[in-house]
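Chemist: generate coordinates for the sequence data below:
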Amino acid sequence: MGRRFAPLELDEVELTELRSLAARRSTAQGLAQRARIILACAEGEQSKVVAARLGIDQDTVGKWRWRFAEHRPEGLWDEPRSGTPRTIEDARIEAVIVRTLKTKSPDATHWSSRGMARASGLSVSTVQRIWRAFGLQPHRLETFKLSTDRDFVAKVRDVVGLYVAPPEPAIVLCADEKSQI
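Modeler: The predicted structure follows:
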């Protein structure tokens, strides 16, 4: 007979959080699995029954049951892993972020990862990792650009007029040339 664990008692907040983690599609699969383990254990099932039902090792169930009992939901999150420490200091990362957000490339409309790598003295892959970590996408514009065409207002009136009050036998077709317009 294996180790006996005391039944897990969950309050409403913990139960809601665990159900959310287990059901949400965007949750990392390891975390969702841990939430399912704890939910099954909270129903009073033995570790070997939970392991068989979820198709995992009994020791895995015991590990996460123990971690949850010790640290509650925070115990289910991954702990920091060993590995090579960062070699790029925070100031250089901040400089890349500020430069990306506040300036434009001297020879283009926005920064490319290669251009930023040359300007900052970092590798292209490092710049890409920094941008990915902070959700930066300099090639995507989120602002509306007004046309510099002198007849822009008149053209807008004509087009909007067709939509607002189209002539009886008319059909209005629209073709979008650029994604920003």
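
Chemist: what's the nearest residue to residue 9 if we skip its chain neighbours?
Modeler: Once flanking residues are discounted, residue 9 sits nearest to residue 42: 7.4 Å by C-beta to C-beta, 6 or more residues apart in numbering. For glycine as for every other residue, the C-beta is placed from the backbone atoms N, C-alpha and C.

Chemist: where does the nearest residue to residue 134 once chain neighbours are set aside fall, secondary structure wise?
Modeler: Excluding its sequence neighbours, the residue lying closest to residue 134 (C-beta to C-beta, 6+ apart) is residue 97, at 5.9 Å. Element membership of residue 97, judged by DSSP states H and E, is helix 90-102.

Chemist: export only the CA atoms of that helix, formatted as PDB.
Modeler: Presented in PDB, the C-alpha positions along helix 90-102 are these (Å, rounded to 0.1, in the frame of the first residue of the first chain):
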ATOM      1  CA  ASP A  90      18.700  45.100 -17.900                       C
ATOM      2  CA  ALA A  91      20.000  48.500 -19.100                       C
ATOM      3  CA  ARG A  92      20.800  47.100 -22.600                       C
ATOM      4  CA  ILE A  93      17.400  45.400 -22.800                       C
ATOM      5  CA  GLU A  94      15.700  48.700 -21.800                       C
ATOM      6  CA  ALA A  95      17.700  50.600 -24.400                       C
ATOM      7  CA  VAL A  96      16.500  48.300 -27.100                       C
ATOM      8  CA  ILE A  97      12.900  48.600 -26.000                       C
ATOM      9  CA  VAL A  98      13.100  52.400 -25.700                       C
ATOM     10  CA  ARG A  99      14.800  52.700 -29.100                       C
ATOM     11  CA  THR A 100      12.200  50.500 -30.700                       C
ATOM     12  CA  LEU A 101       9.300  52.500 -29.300                       C
ATOM     13  CA  LYS A 102      10.600  56.000 -29.500                       C
END
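
Chemist: so what does the strand or helix carrying residue 19 touch, helix or strand wise?
Modeler: Following DSSP H and E, the helix or strand that holds residue 19 is helix 12-23. Contacts defined by 3 or more C-beta pairs under 8 Å, 6 or more residues apart in numbering; DSSP states H and E place helix 12-23 against helix 29-42.

Chemist: so the helix it packs on versus helix 12-23, what angle?
Modeler: 130 degrees (axes from the mean of the first three to the mean of the last three C-alpha atoms, to 10 degrees).
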